[in-house]
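Chemist: below: sequence and its predicted model.
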Amino acid sequence: MKIKKVELFHLEIPFNMSFGHSKAKRDKTDNFICKTTLKDETVGWGEGIPREYVTGETHDLFISGFNFYLNSLGNVSPESLEELVNVLKQQEVIGDSKFVGTSSKCCLELSLLDAYGKYFNKSISEIGKYLGFSDNNEINTTYSSVIGSGNIRGAIERIEMGRIVKIKDFKIKLGQKNDIRKLKKIYKKFEQEIASKEMRIRGDVNSGWDLEQAQKIMPLLAEYGLCYIEDPLKDNCQQDYKELTQNSAVPIMFDEPLRTVTEAEKFIKYNMCNGFDIRISKNGGLIDSLKIARLAKDNGIDCQVGCMVGETGILSAAGRHLIYCVEPIFAEGSYGNILLENDIIKEELTLTIGGKIGKLTESGLGITIKERQFNKYSNKVLERGIS
Ligand SMILES: [Mg+2]
């Protein structure tokens, strides 16, 4: 079955609240959505969220990257989902030292997987087995609550709200002047739950400290019960990670430095971190995310499946398929209508009691788009018919 048409849209959905960390503050989505229609009218949806400060992808670079991948993959005509996966596995990420085209690759790839998954009547969770994973039916991973940067009282209130609905994991955005005071207060308030492992706290600095600062702060983070710290060092201090990781009182998670499979190989080779935060859009789609997770598992690196701020149900669904393949130690995602004024999918995936992650079993990504809703928030940026 060949592709008939590929359309790309830019999507802006207002947030119910603004969400900030040390590098950005947002109050609406800035996402791209791909709609692929096959010759028999089967439709698949994909999503990519470029973040210039992570991958160097501006809107223009996203669109040129998307066109590049479309030229390379637009003529596929697979006879099975496995054949499509084999083609997608060969597709390398484009880029140079400043830019990597991961989110545009993700956007097109997800729409192809969704369309052909529906066409062959297979759930996307099944692709894990072509990349060294089994398709789990049950997992222990639950979703975390992510607490944006801001005042101490607000952070404690958000955690209390999370505890009421039995959330176990909390990630606190750090990299501000009040970090240590905030963590100390949180620790004092929830000391028993943290000590009994009923509750776990981790931090995300979004690349804020130099080596000396980090070495001073790490023992305090351990004292205040943090079980992981994400991206502690500034972007220009990456060479110092090996030293920091070797002697760190708290294990180190790589998020923003990790974009491609090649980078994952390098970080493993040089023992630069203890964990990888895999985010499907940041990491070039589901196939490369699975490749990175496989490398991590084979080399004793922990996996977290993260998400982008403002993901719609398309990326949330893709995240669930990845989580069911990988069973990571931490997961984030499915914030749906908690953050978005109105998500564009019909299924209810929004974070629920205990952060429980339900498996999606329908064919493709397992979601349906509310097209009227989608049209209200989206703008078409390109359309290509394929003959
Ligand atoms: Mg992060």
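Modeler: Arrived safely.

Chemist: so what secondary structure elements neighbour the lowest-mean-pLDDT helix or strand in the chain?
Modeler: Within the chain, confidence by mean pLDDT, DSSP states H and E is lowest for strand 14-20 among all helices and strands, at a mean of 86. Contact analysis of strand 14-20 by 3 or more C-beta pairs under 8 Å, 6 or more residues apart in numbering; DSSP states H and E lists strand 25-28, helix 336-339 as its packing neighbours. Any C-beta I mention is one placed from the backbone N, CA and C, and that applies to glycine too.

Chemist: run through the helices of this structure in chain order.
Modeler: For the chain, the helices defined by DSSP state H cover 52-55, 59-73, 81-90, 102-119, 152-164, 179-195, 211-223, 241-246, 261-269, 286-298, 313-326, 336-339, 371-377.

Chemist: looking at the protein, what residue ends up closest to the ion?
Modeler: Residue of the chain nearest the ion, by C-beta to the ion: Asp255 (3.6 Å).

Chemist: list the contacts for that residue?
Modeler: Applying C-beta atoms under 8 Å, 6 or more residues apart in numbering, we find Asp255 in contact with 204, 230-231, 277, 279, 282, 306.

Chemist: quick one: contacts for the spatially closest residue to Thr260 that is not a sequence neighbour?
Modeler: Excluding its sequence neighbours, the residue lying closest to Thr260 (C-beta to C-beta, 6 or more residues apart in numbering) is Val93, at 5.3 Å. Taking C-beta under 8 Å, 6+ apart as the contact definition, Val93 lies against 100-102, 105, 259-261, 284, 288.

Chemist: apart from its neighbours in sequence, what residue is nearest the residue of the chain closest to the ion?
Modeler: Using C-beta to C-beta, 6+ apart, the nearest residue to Asp255 is Asp277, at 3.8 Å.

Chemist: isn't the one you found up against Phe254?
Modeler: Yes: Asp277 lies in contact with Phe254 (C-beta atoms under 8 Å); the separation is 6.6 Å.

Chemist: quick one, which of these two is more surrounded?
Modeler: Set side by side, Asp277 and Phe254 show more neighbours around Asp277, with 27 against 24, by other C-beta atoms under 10 Å.

Chemist: against Lys168, how distant is the more buried one?
Modeler: 18 Å (C-beta to C-beta, to the nearest Å).

Chemist: then Gln213?
Modeler: 30 Å.

Chemist: more neighbours: those two, which one.
Modeler: Per other C-beta under 10 Å, whichever of Gln213 and Lys168 has more neighbours is Lys168, with 18 against 15.

Chemist: show me the contacts for Gly65.
Modeler: 57, 94, 101, 103-105.

Chemist: quick one, grab the pLDDT at the nearest residue to Met272 once chain neighbours are set aside.
Modeler: Distances taken as C-beta to C-beta, 6+ apart place Tyr241 nearest to Met272, at 4.2 Å, with adjacent residues excluded. In this model, Tyr241 is scored at 97, pLDDT.

Chemist: Lys234 is in contact with Tyr241, correct?
Modeler: No: counting by C-beta under 8 Å, Tyr241 stays clear of Lys234, with 11.0 Å between them.

Chemist: compare the two and say which is more crowded by neighbours.
Modeler: Using other C-beta under 10 Å as the criterion, Tyr241 and Lys234 rank with Tyr241 on top: 23 against 18.

Chemist: the residue nearest to Asp255 pairs with what?
Modeler: Asp277 has these beta-bridge partners by DSSP bridges: Gln304.

Chemist: confidence score at it?
Modeler: 98.

Chemist: which residues touch it?
Modeler: Counted by C-beta under 8 Å, 6+ apart, Asp277 has contacts 230, 253-255, 258, 304-306.

Chemist: ditto for Glu47
Modeler: Contact analysis of Glu47 by C-beta under 8 Å, 6+ apart lists 31-34, 106-107, 110, 281, 311-312, 314-315, 318.

Chemist: so how far is Glu193 from it?
Modeler: 35 Å.

Chemist: Arg51 now?
Modeler: Distance of Arg51 to Glu193, computed by C-beta to C-beta: 33 Å.

Chemist: kindly report the same for Lys2.
Modeler: For Lys2 relative to Glu193 (C-beta to C-beta), the value is 55 Å.

Chemist: between these two, which one's more packed in?
Modeler: Neighbour count, other C-beta under 10 Å: between Lys2 and Glu193, Glu193 has more, with 16 against 13.

Chemist: name the nearest residue to that one, ignoring sequence neighbours.
Modeler: Nearest one to Glu193, counting by C-beta to C-beta, 6+ apart, is Met199 at 4.0 Å.

Chemist: which bits of the stretch 251-387 of the chain sit near the ion?
Modeler: Asp255 (C-beta under 5 Å from the ion).

Chemist: hang on, isn't Ile49 packed against Met308?
Modeler: Yes: at 4.3 Å, Ile49 and Met308 qualify as touching, with contact defined as C-beta under 8 Å.

Chemist: which neighbours do these two share?
Modeler: 281, 315.

Chemist: and these two? Which one has more around it.
Modeler: Taking neighbours as other C-beta under 10 Å, Ile49 and Met308 compare with Ile49 leading, 27 against 23.

Chemist: what's the pLDDT at the more buried one?
Modeler: The model's pLDDT for Ile49 equals 98.

Chemist: and Arg26, by the same measure?
Modeler: Per the predicted model, pLDDT is 87 at Arg26.

Chemist: now do the same contact list for it.
Modeler: Arg26 neighbours (C-beta under 8 Å, 6+ apart): 15, 18-20, 309-310.

Chemist: max pairwise distance over those residues: which two?
Modeler: Using C-beta to C-beta, the contacts of Arg26 span at most 12.3 Å, a distance reached by Gly20 and Gly310.
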